[in-house]
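Visitor: show me how the following folds:
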Amino acid sequence: MSYVSFHVTVRDNNGAPFTDPTALAAIKNSKQGVSRIFNKITLRSGFSVIESFVYNKEVGKFLSSANSDRRKWLRITEGLGVDNLFATGASRKFTMQICSSLFSNELAIPLPIFTGGIQVKFSIATPDEFFTTAVPRFSVDQPSLTYVAICPDPAFTLDLVRSIQSGRSAWFPLVETKTVRSPGNGTDMQTYNVAVGNYSRVESIHFTHWENGAYRLRSNDKFERYKDAGLKSWNVTDNEITNPSFNRRFTHGPRDVETFLVTHLSDTGSMFTVHDAANYPEDLANGISAFDTYRNKHFKAGLTLTSDNEVWGSGLSLVGSANPHMVIDAQYETALPNSTTTEISVNLSLLLELSGTRIDVHRVFA
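Guide: Numbering: from 1, shown residues only. Sure, this is the predicted structure:
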């Protein structure tokens, strides 16, 4: 269990904190909360990169469907769902969970065997990634990392360190995300081809869309940019396996919830727990349902091939695959213009090995 804490301060062109109450009240920010501030995370041990990915984008996809209890908690700690975090002051302290596969897995991390330690580096995004109004500058100050440590018997720790130093290995599960973007081709049929490469297991594949013009407008929250783009039906093929089978296709539309169900049901593997993975804000007083929010702000379609009731590494096998590509065939209500971007994300299983002073990340394993 670990988290980072820090202060965020909004500043004017001269670098001074905002003081005018009217100016502070006018400042608007992304509803994703402060995780939107960081555009990249990199985990290192010595000179070895363990994990690196676009932080605000990947975390935003995860937070968009957080259940109501988690959403309430993150509203307090990270500002999730709040678009005026600085209305009452220019500076505010936040605490934020570190969302990475190394820090999120269920195994405790034995720090003594990481001879180079573990370095957590966050890269800060430009103001327009987080603020939807004209804030020229902001600062992230007084950062700290807090973690809960287990202190076993010293003899156990010494034996563990000696074992690794003698050439034996410790293994940790990781997940890597590959992302491909594709512009619309001016037809209502799109084929998205993702060259996965040499990996043993696919954990999931999802796709979504956004309009480039709307994306470039600062006043539009990038957290809420994901649309269904008029999707009608789709299927996905990998290693000669097509889902759904028997020449069927998953369907979708303003009054068709199959894609909504399939996408989130594959996350959990159970109709009794699917509500934990499919929670979207609604505004029924203004006629906006949770399904409308999903379609117009937080859309994603796809399949998770390792559900919550399975273990890591039990996804779709690519071992022996003659064609290491994943292909999505999608049909739309109208032609998809070049101004629409489709993003496809594939999560893949990795293994981190520590042996002596060597750190290896394995993409192919038995």
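Visitor: and residue 366, what's its pLDDT?
Guide: Reported pLDDT at residue 366 in the predicted model: 61.
Visitor: ok, the closest residue in space to residue 275 that isn't next to it in sequence to residue 291 distance?
Guide: Spatial nearest neighbour of residue 275, excluding adjacent residues (CB to CB, 6 or more residues apart in numbering): residue 67 at 7.3 Å. (C-beta placed from N, C-alpha, C; glycine too.) Per CB to CB, to the nearest Å, residue 67 is found 16 Å from residue 291.
Visitor: for these two, indicate the residue with more neighbours.
Guide: Between residue 67 and residue 291, counted using other CB atoms under 10 Å, residue 291 has the larger neighbour count: 16 against 12.
Visitor: helix, strand, or coil at that one?
Guide: With DSSP: H, G, I helix; E, B strand; the rest coil as the basis, residue 291 sits in helix.
Visitor: that one contacts residue 257, doesn't it?
Guide: Yes - taking CB atoms under 8 Å as the definition, residue 291 is a contact partner of residue 257 at 6.4 Å.
Visitor: mind giving me the domain ranges of this structure?
Guide: 2-147, 171-362 (automatic domain parsing).
Visitor: ok, now how distant is the closest residue in space to residue 249 that isn't next to it in sequence from residue 300?
Guide: Distances taken as CB to CB, 6+ apart place residue 233 nearest to residue 249, at 4.0 Å, with adjacent residues excluded. Distance of residue 233 to residue 300, computed by CB to CB: 16 Å.
Visitor: what's the helix or strand of the chain with the lowest mean pLDDT packed up against?
Guide: Lowest by mean pLDDT, DSSP states H and E among the helices and strands of the chain is strand 316-317, with a mean of 75. Applying 3 or more CB pairs under 8 Å, 6 or more residues apart in numbering; DSSP states H and E, we find strand 316-317 packed against strand 201-211.
Visitor: so what's residue 224 up against?
Guide: Residues near residue 224 by CB atoms under 8 Å, 6 or more residues apart in numbering: 31, 297-298.
Visitor: dihedrals phi and psi, it?
Guide: Per-residue torsions, residue 224: phi -110, psi 30 (degrees, to the nearest 10).
Visitor: that older thread, who has more neighbours out of residue 233 and residue 300?
Guide: Remark: of residue 233 and residue 300, residue 300 carries more neighbours, 20 against 17, as counted by other CB under 10 Å.
Visitor: so where is this protein shaky, pLDDT-wise?
Guide: Under the criterion pLDDT under 70, the flagged ranges of the chain are 307-314, 320-322, 366.
Visitor: need the residue closest to the centroid of it.
Guide: Nearest to the mean C-alpha position of the chain, counting by CA atoms, centre = their mean, stands residue 58 at 2.2 Å.
Visitor: pretty sure that one contacts residue 177?
Guide: Yes - contact criterion CB under 8 Å: residue 58 and residue 177 qualify, at 6.2 Å.
Visitor: mind listing the shared neighbours of those two?
Guide: Common contact partners of residue 58 and residue 177 (CB under 8 Å, 6+ apart): residue 345.
Visitor: what about stretch 9-22, start to end distance?
Guide: End-to-end distance for stretch 9-22: 16 Å, by CA to CA, to the nearest Å.
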